[in-house]
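In: need a 3D model of the following:
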Amino acid sequence: MILLHAALGVAIYLLPFLSKIYGFLILFLSLYFIVKTKNRNNEVLYASAYVVGVEVFLRMTGGNPNHEFSKYSVIVFLAIGMVYSGISKNAIPYWIYLILLLPGVYIATQSISLDAPNIRKTIMFNISGAFCLGVASLYCYNRKFSFEEINNLLLLMGLPIISCAVYLVLYTPELKEVVTSTGSNSETSGGFGPNQVATALGLGMFIFFARMIVASRNKTFLLINLLVGILMLYRGLLTFSRGGMITGFLMIIVFFGFLYVYSRNIGKLKLIYIVGFIFILLASTWAYTESQTGGLISKRYANQDATGRVKDSQLTGREDLAMGEIEMFLENPFFGVGAGKGTEIRSETMGYLVASHDELTRILAEHGSLGILSLLILIFTPIFLYLDNKQHIYMLCFLVFWFLTINHAAMRTASPAFIYALSLLKIKFNYDEEDSVHRK
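Out: All right, here's what the predicted structure looks like:
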């Protein structure tokens, strides 16, 4: 499967039209298998995971049937899954979450200017990620899933990111020609947004480093997972976008920390050796990237320009957007300005169109106090479920990915919404007989 997806990256680079065929095949084959199997083994989750993993690659290569293809696909897949398999009657917090989004949508229909390019698209662009999260959470809430299944699901998510990484290797010209500053680099990001590309590669890096520990049946598989993880790391660093890579690093640290706490003495010792080896490789990859970029990568992460001067903005201007949204919230504290209205206000005040990069401040500005309540539901519900779900070793990692990603890339992609929902699964290492009969 890894070789197949590596070959797919090469094929789409050589024959770009294949990307559109690839996008449509994913949609129709996924629907075919979901309907054929009637979701007996949570096929909707596997289909959604693959769509989430391939989203940035399809956007980069023009293969998306629609810009919001992945979010809509996840919503449709999981809605079909609900019809076949139902949902937990205890998923009330996420019904409340979805209801809390409605006032912001209504206010937007009344407040967005009639001469706005397309009111429906403006609202949907800002609400689709939050709605996707709500639907995915309803489906995943306390749904039983084995440890092997969650590993397989993450592998399906990671495979198309391999295609993306291979495509980047072929697409990027000589580094010395394109790496001339410390700004985010679209030339090393496939001609696409470095922020989204780094987010995908950081996620892929985590998936394959985690698989190296928990899903490598022998030394060969361990080496393969390690090499793929290093490829993701190297290509992610070359995007010069920090958010996605820092998120991936923190997920790895949280994952290893969790394993260490719950390991026995011998397991802890082995884990220390493995982690030490991994971090030596990480440091070596960083040093290699440093040499390939003429020292610019370290300046980027130190927030310096190419000459070594510290930049005025720590977050490339995102803090100004966030402060503007906080001001909107203070002026409209109860129901906010309405979903999508924040973008219009910024366009009027700044003179050009710029979307929010921070979902936390966006939901405050556009949904007001109802947005605060929504955030409290999202933060505390998975933590509450974890008290009776200690075998879900990925839960904290998924929450870290969601929280950090929405702080630097909002919910432009489906990944934070879907991965957040995965933190709500009920993970068991082994099913008992009753569970097996029920699943069959």
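In: from here on, just use CA atoms for contacts and neighbour counts.
Out: Fine.
In: name the nearest residue to residue 98, sequence neighbours excluded.
Out: Ranked by C-alpha to C-alpha, 6 or more residues apart in numbering and with sequence neighbours excluded, the top spatial neighbour of residue 98 is residue 134, at 6.0 Å.
In: counting neighbours, what do you get for the one you found?
Out: 25 (other C-alpha atoms under 10 Å).
In: dihedrals phi and psi, it?
Out: The phi/psi pair for residue 134 (degrees, to the nearest 10) reads phi -60, psi -40.
In: so it makes contact with residue 97?
Out: Yes - with contacts counted by C-alpha atoms under 8 Å, residue 134 reaches residue 97, the gap being 6.9 Å.
In: tally of neighbours for residue 372?
Out: Here the number of neighbours of residue 372 (other C-alpha under 10 Å) works out to 17.
In: list the contacts of it.
Out: The contact partners of residue 372, taken as C-alpha atoms under 8 Å, 6 or more residues apart in numbering, are 363, 364.
In: need the pLDDT of it.
Out: With respect to pLDDT, residue 372 scores 93.
In: that one: which element?
Out: Assigned by DSSP states H and E, residue 372 belongs to helix 359-386.
In: continuing past that helix, what's the next helix or strand?
Out: Downstream of helix 359-386, the first helix or strand assigned by DSSP H and E is helix 395-408.
In: show me what that next one packs onto, helices and strands only.
Out: helix 242-261, helix 359-386, helix 415-422 (3 or more C-alpha pairs under 8 Å, 6 or more residues apart in numbering; DSSP states H and E).
In: what angle sits between the helix holding residue 372 and helix 395-408?
Out: Per axes from the mean of the first three to the mean of the last three C-alpha atoms, to 10 degrees, the angle that helix 359-386 makes with helix 395-408 is 170 degrees.
In: helix 359-386: how far from the chain's middle?
Out: In terms of C-alpha atoms, centre = their mean, to the nearest Å, the centre of helix 359-386 is found 18 Å from the chain centre.
In: pull out the buried residues from it.
Out: Of all the residues in helix 359-386, those buried under the rule 16 or more other C-alpha atoms under 10 Å are 359-372, 374, 378, 381-383, 385-386.
In: between that helix and helix 415-422, how many degrees?
Out: 20 degrees.
In: closest to residue 19 out of the helices and strands packed on helix 395-408?
Out: Taking C-alpha to C-alpha, helix 415-422 is the member of the helices and strands packed on helix 395-408 nearest to residue 19, at 19.9 Å.
In: any weak-confidence spans in the stretch 201-350 of the chain?
Out: In the predicted model of the stretch 201-350 of the chain, residues 312-317, 347-350 satisfy pLDDT under 70.
In: try it again at 80.
Out: For the stretch 201-350 of the chain, residues meeting the criterion pLDDT under 80 lie at 264-267, 311-322, 340-350.
In: one more: the stretch 1-150 of the chain?
Out: Looking at the stretch 1-150 of the chain by pLDDT under 80, you get 65, 67, 108-126.
In: which strand residues bridge residue 427?
Out: Counting by DSSP bridges, residue 427 forms beta bridges with residue 145.
In: please tell me how far it sits from residue 74.
Out: Using C-alpha to C-alpha, to the nearest Å, residue 427 is found at 21 Å from residue 74.
In: and what of residue 220?
Out: As judged by C-alpha to C-alpha, residue 220 and residue 74 stand 34 Å apart.
In: likewise for residue 83?
Out: Here residue 83 is placed at a distance of 14 Å from residue 74 (C-alpha to C-alpha).
In: more neighbours: these two, which one.
Out: It is residue 74, of residue 83 and residue 74, that has more neighbours when counted by other C-alpha under 10 Å, with 26 against 11.
In: verify the contact between that one and residue 132 for me.
Out: Yes - if you go by C-alpha under 8 Å, residue 74 and residue 132 touch, sitting 7.1 Å apart.
In: let me know the pLDDT of residue 440.
Out: Looking at residue 440, its pLDDT is 36.
In: what comes into contact with the strand or helix carrying residue 105?
Out: Using DSSP H and E, residue 105 maps to helix 92-111. Identification of contacts with helix 92-111 by C-alpha under 8 Å, 6+ apart yields 119, 123, 131, 134, 137-138, 335-341, 366-367, 370-371, 374, 377, 381.
In: mind running it again at 7 Å?
Out: 131, 134, 137-138, 335-336, 338-341, 366-367, 370, 374, 377 (C-alpha atoms under 7 Å, 6 or more residues apart in numbering).
In: now the two most distant members of the residues you listed.
Out: 138 and 341 (27.3 Å).
In: from residue 257, how far off is residue 210?
Out: Taking C-alpha to C-alpha, one finds residue 210 at 12 Å from residue 257.
In: next one: residue 371
Out: Distance from residue 371 to residue 257, by C-alpha to C-alpha: 32 Å.
In: with residue 36 instead?
Out: To residue 257, residue 36 is 41 Å away according to C-alpha to C-alpha.
In: quick one: the nearest residue to residue 409 once chain neighbours are set aside and residue 322, what's the gap?
Out: Spatial nearest neighbour of residue 409, excluding adjacent residues (C-alpha to C-alpha, 6+ apart): residue 357 at 4.9 Å. From residue 357 over to residue 322 the distance is 8 Å, taken as C-alpha to C-alpha.
In: ok, residue 57 next?
Out: 28 Å.
In: for the two, indicate the residue with more neighbours.
Out: Taking other C-alpha under 10 Å, residue 57 and residue 322 do not tie; residue 57 has more neighbours (28 against 20).
In: count the neighbours of the residue lying closest to the more buried one once chain neighbours are set aside for me.
Out: Excluding its sequence neighbours, the residue lying closest to residue 57 (C-alpha to C-alpha, 6+ apart) is residue 164, at 5.3 Å. Neighbours of residue 164 under the rule other C-alpha under 10 Å: 33.
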